[in-house]
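Undergrad: Here is my input, please return the structure:
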Amino acid sequence: MPSPSSSRLKGDDYQHLFAWREVLGLRAYGRRPLRVCVEVPKAGALDDVVTHFDGDSFYYQVKFHVDHRQQYDSTSLMDIPSGSKHSLLQKIYKGWKAISDVTESPTAVLMTNWAWNPKDPFAKLIDGTNSKMSEEFFSARENTAIGRRRQDWATHLGVTLTELETFMRSFKIRLGFGCTDELVEQVKERMASIGLKHNDAAVYAGVAQVRKWIESGVVVVDDTALDEAIEAFDLRAADPEKSATVHLHTIVHRSFVDMADYELDWVDHFPLTATGTRARVPLVENAWQASMLPELLDLRKQIDQVPDLRLLKLRGQARLAPWTATGLVFCDTAGYVLEAMLGDQHCRTDASPSQDFDLAPPVVLEIDEGRSGLAVGISISVDVQDDVMNYLDGKAIFGHGIFLAPNREIGRNAIRGCGDLVALARKVKAIVRSQARRSRSDRIGVFYSGPAAGALFIGHQLNAVAPEVQIYEDTGAGYALAFTLG
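TA: Prediction:
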């Protein structure tokens with residue numbers, strides 16, 4: 001296997017590194033491509049990498065820049081470099097026209113590590129969800145800055161506004177894709193997840209294979225070609241651990257080094273507030289149970305069908321209730337191991353529990369004599385007892401309450417590492433199960449304040465505690481019932 005002189009690959013290898021990442025997607029979980037093509041003839045500037053899915057094809061122009069002294073904007077895309085006859089925008093449009101004749105509904109993608117000038121009128125139009133232009137690009141009046149620049153693009157390309165719209169609805173601008181080191185880490189994650197060696201040498205071997213395909217005139221890379229490359233470079237790991245990455249979004253869409261094999265995208269369920277942030281509760285009150293939970297349960301069914309896949313890496317920015325529900329759906333007794341981030345630590349549910357972490361003696365209260373059900377308050381970041389009791393006051397929901405907190409100061413430093421998370425989840429389960437049996441509760445309600453990883457780990461352990469588990473979300477003005485699982 002070739003060995004690099006350094007873990008940092010040269011800038012010239014960026015395109016081939018990205019191509020290898022896409023080729024590895026042939027073995028990814030979830031939605032995977034049918035084939036990947038490199039240096040595609042007659043695709044013009046969109047010939048670098050082409051990823052074909054069932055029903056979708058993405059044609060990439062990969063632009064790597066060695067530093068960030070400049071940014072793209074709506075004017076620079078029309079600049080014609082010295083020695084060239086066409087601007088980058090013209091080249092991409094020409095390539096898109098060529099592939100449109102042979103591919104149904106192709107998507108042209110400018111993929112670059114550069115950013116976009118925030119002062120440019122188009123900056124606010126590049127949608128962070130899908131990297132396409134938002135509807136404002138198409139609807140802005142002609143006498144506005146956006147409308148005038150839109151006309152500039154049409155004139156520059158020699159097309160009508162209608163023709164420009166057709167093109168722009170099929171054009172993605174993926175900005176700030178990541179430096180070479182970050183792309184290397186993405187490739188390593190994907191190689192590890194499908195049971196391949198994933199050190200620097202293995203990554204460099206993949207880049208060398210892409211170069212070899214190009215030099216020998218191979219354009220189409222399918223699963224057979226990937227398998228041959230794996231054997232040729234001896235890339236199979238001796239003791240592989242399959243894993244899949246699941247992205248969970250309710251607050252904002254974020255990119256992560258760990259690429260998503262599966263995604264739960266619930267952001268649009270939560271309306272934007274006046275400050276531009278997402279609300280804590282969905283626009284439709286029962287969306288938790290009617291829309292989000294069925295998607296989560298369907299994901300469990302999909303992953304259950306993948307042989308030997310038990311390690312799931314959870315990433316994303318989401319409210320606490322979805323993290324707890326995800327942990328409960330992919331529970332410990334089902335054999336799943338979950339990984340989440342605690343700061344910069346990769347924490348797994350099968351890690352060894354901390355020996356010095358313990359919970360303080362629980363506070364047990366009678367809330368509504370004669371009623372069943374146990375309210376469980378778990379205070380890690382802030383003390384939830386008063387807020388929970390205020391919420392439950394006058395509501396005939398639970399007969400008893402139990403409040404748990406660490407035997408150290410509540411706050412951001414209450415959980416110090418992965419072992420603390422594991423110890424917290426296991427101790428919460430043991431105490432809650434015991435109290436639920438003692439109070440003969442047929443259901444528990446979970447009210448949690450703490451890091452997202454803690455919510456996930458606690459949910460992972462809450463199976464077999466009670467026939468029904470209700471998960472509550474802090475709305476900022478009380479609580480709301482989010483998920484009911486049983």
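
Undergrad: Identify, by residue count, the longest helix of this protein.
TA: With residue count as the measure and DSSP state H as the assignment, the chain has helix 418-438 as its longest helix.

Undergrad: After that helix, heading C-terminal, what element do we hit next?
TA: Along the chain past helix 418-438, the next helix or strand (assigned with DSSP states H and E) turns out to be strand 443-449.

Undergrad: List the strands paired with that following strand, with their directions.
TA: According to DSSP bridges, strand 443-449 has the following sheet partners: strand 374-379 (parallel), strand 468-474 (parallel).

Undergrad: what's the most buried one of those strands?
TA: Neighbour counts averaged per stretch over those are highest for strand 374-379, at a mean of 26; criterion: mean count of other C-beta atoms under 10 Å. The C-beta positions use only the backbone N, C-alpha and C, and glycine is treated the same way.

Undergrad: mind saving the C-alpha coords of the helix or strand hosting Lys97 as PDB?
TA: Assignment of secondary structure by DSSP H and E places Lys97 within helix 88-100. Backbone C-alpha positions of helix 88-100 (Å, rounded to 0.1, in the frame of the first residue of the first chain) are rendered in PDB as follows:
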ATOM      1  CA  LEU A  88     -16.700  30.000 -14.300                       C
ATOM      2  CA  LEU A  89     -20.400  30.700 -14.500                       C
ATOM      3  CA  GLN A  90     -20.400  30.300 -18.300                       C
ATOM      4  CA  LYS A  91     -18.400  27.000 -18.000                       C
ATOM      5  CA  ILE A  92     -20.800  25.600 -15.500                       C
ATOM      6  CA  TYR A  93     -23.900  26.600 -17.500                       C
ATOM      7  CA  LYS A  94     -22.400  25.200 -20.700                       C
ATOM      8  CA  GLY A  95     -21.700  21.900 -18.900                       C
ATOM      9  CA  TRP A  96     -25.200  21.800 -17.500                       C
ATOM     10  CA  LYS A  97     -26.700  22.400 -21.000                       C
ATOM     11  CA  ALA A  98     -24.600  19.500 -22.300                       C
ATOM     12  CA  ILE A  99     -25.500  17.000 -19.600                       C
ATOM     13  CA  SER A 100     -29.200  18.100 -19.800                       C
END
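
Undergrad: The longest helix of the chain - what's its average pLDDT?
TA: Helix 418-438 shows an average pLDDT of 96 in the prediction.

Undergrad: mind listing what's buried in that helix?
TA: Residues 418-429, 431-433, 435-436 are the ones in helix 418-438 that count as buried (16 or more other C-beta atoms under 10 Å).

Undergrad: So which elements touch it?
TA: In terms of contact count using 3 or more C-beta pairs under 8 Å, 6 or more residues apart in numbering; DSSP states H and E, helix 418-438 is assigned the packing partners strand 345-348, strand 374-379, strand 400-404, helix 452-461.

Undergrad: In CSV: the ones you listed, plus distance to Ser216 and mean pLDDT.
TA: Formatted as CSV, the entries for these read as follows, by distance: least, C-beta to C-beta, whole Å; pLDDT from 0 to 100:
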stretch, distance to Ser216, mean pLDDT
strand 345-348, 39, 96
strand 374-379, 59, 98
strand 400-404, 63, 97
helix 452-461, 46, 98
